[in-house]
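Undergrad: Structure here, sequence nowhere to be found:
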DNA sequence: CGGTATCCCATTTGATACTG
DNA sequence: CAGTATCAAATGGGATACCG
């Protein structure tokens, strides 16, 4: 399967990866969450080359994750802001950060801790059921593959067996 | 900055991406969570070429995300299982799936719904504070960059300004 | 400052075949 | 089945330069 076809897999993870599954893309998204808005800041803070940043910003705008807004300062510049779709990536960015904090630490503490304004505590957010509010884990969740996903996977398996 | 140096950024997201930030890697991880264990199943279900699967499994084993266990069936085969580090990626995989469910749907429902065994409901897990248990969002969390991260970013910015 | 264009090298990867 | 080898094609991306 070519990478371009990954977005058509019957799988939300594959579809998401067809948008975000790129070396530099998540760093661009991270910057957007930190508040980076202008091209040169994206270049400076991600460490990616300008054409790479340009390509990623373009793709994220096309995908609807970022909005490109002109800035009226007479300098023909633009700002790249998170759309609602982009802001909704917060849990993804957050869980990635929490995982890195735990497993890829350099021993000098969390680079970017989070404080919950509700309770005042520093937190490493965890998943909770949106119905009952209790914490969930892999053990307390069961997957229910849809018929179309089952069909799709059976087909993948059969094709590979030939 | 070369991609190989991304893992040394003072940022847990960058470090995580240096392990997982690859087109196919997350699909391999997805399969591991679904219960895929053998090489040919990874090839069949991810849709990636065998050398690609081989390389990704190797990298994930080296990174400590997967464990390669020999199977004693006399056929010199191995199983690839999630380590504790790998299992801890569950929230990442889960939030990615939930985002894809919402924003990249094909209109035929969630490919893989989750049911919470605690309350019996189908759920799209959300983030909650690990201290107080309340749901959190970007608005109820404030970031606290560490001194070393601040220094690092200032340095990135200065280098880019030259 | 905010990007784009070009050049060229390194890496990725799809196709195919092969081996234990 | 569980991978590895090879090769060609495509893509990615760093350096540099360029333009409004």
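TA: Now that the structure is in, tell me what you want to look at. Here the structure is a predicted model, which means the values were calculated and not measured. Numbers count the residues shown, from 1 in each chain, chains lettered A, B, ... in the order given.
Undergrad: Residues of chain A that sit close to DNA strand C?
TA: Applying C-beta under 7 Å from any atom of the strand, we find that chain A lies next to DNA strand C at A:1-3, A:38-41, A:50-51, A:54, A:58, A:75-78. All C-beta spots, glycine's among them, are computed from the backbone N, C-alpha and C.
Undergrad: quick one: which two of the residues you listed are the most distant?
TA: Spatial extent of these (C-beta to C-beta) is set by the pair A:1 and A:75 at 44.3 Å.
Undergrad: Give the residue from the two that has the larger number of neighbours.
TA: For residue A:1 and residue A:75, the more surrounded residue by other C-beta atoms under 10 Å in any protein chain shown is residue A:1, and the numbers stand at 16 against 6.
Undergrad: residues in contact with the closest residue in space to that one that isn't next to it in sequence?
TA: Leaving out its chain neighbours, the residue that sits closest to residue A:1 by C-beta to C-beta, 6 or more residues apart in numbering or on different chains is residue B:47, at 3.2 Å. Shown in contact with residue B:47 (C-beta atoms under 8 Å, 6 or more residues apart in numbering or on different chains): A:1, A:5, A:6, A:9, A:156, B:27.
Undergrad: Of those, which is the most crowded?
TA: Sorting the contacts of residue B:47 by how many neighbours each has (other C-beta under 10 Å) puts residue B:27 first, at 25 neighbours.
Undergrad: For it, list the residues it contacts.
TA: Each residue near residue B:27 by C-beta under 8 Å, 6+ apart is listed here: A:6, A:13, A:14, A:17, B:46, B:47, B:48.
Undergrad: Check which helix or strand residue A:29 maps to.
TA: Using DSSP states H and E, residue A:29 maps to helix A:25-34.
Undergrad: now the helix or strand that that helix is followed by against helix A:25-34, angle please.
TA: Moving toward the C-terminus from helix A:25-34, the next helix or strand (DSSP H and E) is helix A:39-46. Helix A:39-46 runs at 110 degrees relative to helix A:25-34, counting by axes from the mean of the first three to the mean of the last three C-alpha atoms, to 10 degrees.
Undergrad: Quick one: check helix A:39-46 for contact with chain B.
TA: Yes - among the residues of helix A:39-46, A:40, A:41, A:43, A:44, A:45 lie within reach of chain B under C-beta under 8 Å from any C-beta of the partner chain.
Undergrad: Give me the below-cutoff pLDDT ranges for chain A.
TA: Judged by pLDDT under 70, chain A has its weakly predicted residues at A:74.
Undergrad: ok, which stretches of it are helices?
TA: Here chain A has its helices, by DSSP state H, at A:12-20, A:25-34, A:39-46, A:50-63, A:84-87, A:90-103, A:147-161.
Undergrad: how about the fifth one: buried residues?
TA: Neighbour-count burial for helix A:84-87 flags A:85, A:86 (criterion: 16 or more other C-beta atoms under 10 Å in any protein chain shown).
Undergrad: That helix and chain B, any residue contact?
TA: Yes - applying C-beta under 8 Å from any C-beta, one finds helix A:84-87 touching chain B at A:85, A:87.
Undergrad: what sits against residue A:76?
TA: If you count contacts by C-beta under 8 Å, 6+ apart, then residue A:76 has residue A:70 around it.
Undergrad: now do residue A:50
TA: The neighbourhood of residue A:50, defined by C-beta under 8 Å, 6+ apart, consists of A:39, A:43.
Undergrad: just residue A:153 next, same as before
TA: Residues in contact with residue A:153 (C-beta under 8 Å, 6+ apart) are A:10, A:145, B:45.
Undergrad: Return the members of the residues of helix A:39-46 next to chain B classed as buried.
TA: Among these, those classed as buried by neighbour count (16+ other C-beta under 10 Å) are A:41, A:43, A:44, A:45.
Undergrad: I'd like those residues as TSV, with distance to residue A:33 appended.
TA: Shown next, in TSV, are these (distance: C-beta to C-beta, whole Å):
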residue	distance to residue A:33
A:41	13
A:43	17
A:44	16
A:45	12
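Undergrad: just those residues now: which is nearest chain B?
TA: residue A:44 (3.5 Å; C-beta to the nearest C-beta).
Undergrad: Now for the spatially closest residue to that closest one that is not a sequence neighbour, how many residues are close by?
TA: Nearest non-adjacent residue to residue A:44, counting by C-beta to C-beta, 6+ apart: residue B:160, 3.5 Å away. By other C-beta under 10 Å, 13 other residues sit near residue B:160.
Undergrad: was I right about residue B:160 contacting residue A:38?
TA: No - with contact defined as C-beta atoms under 8 Å, residue B:160 and residue A:38 do not form a contacting pair (11.9 Å).
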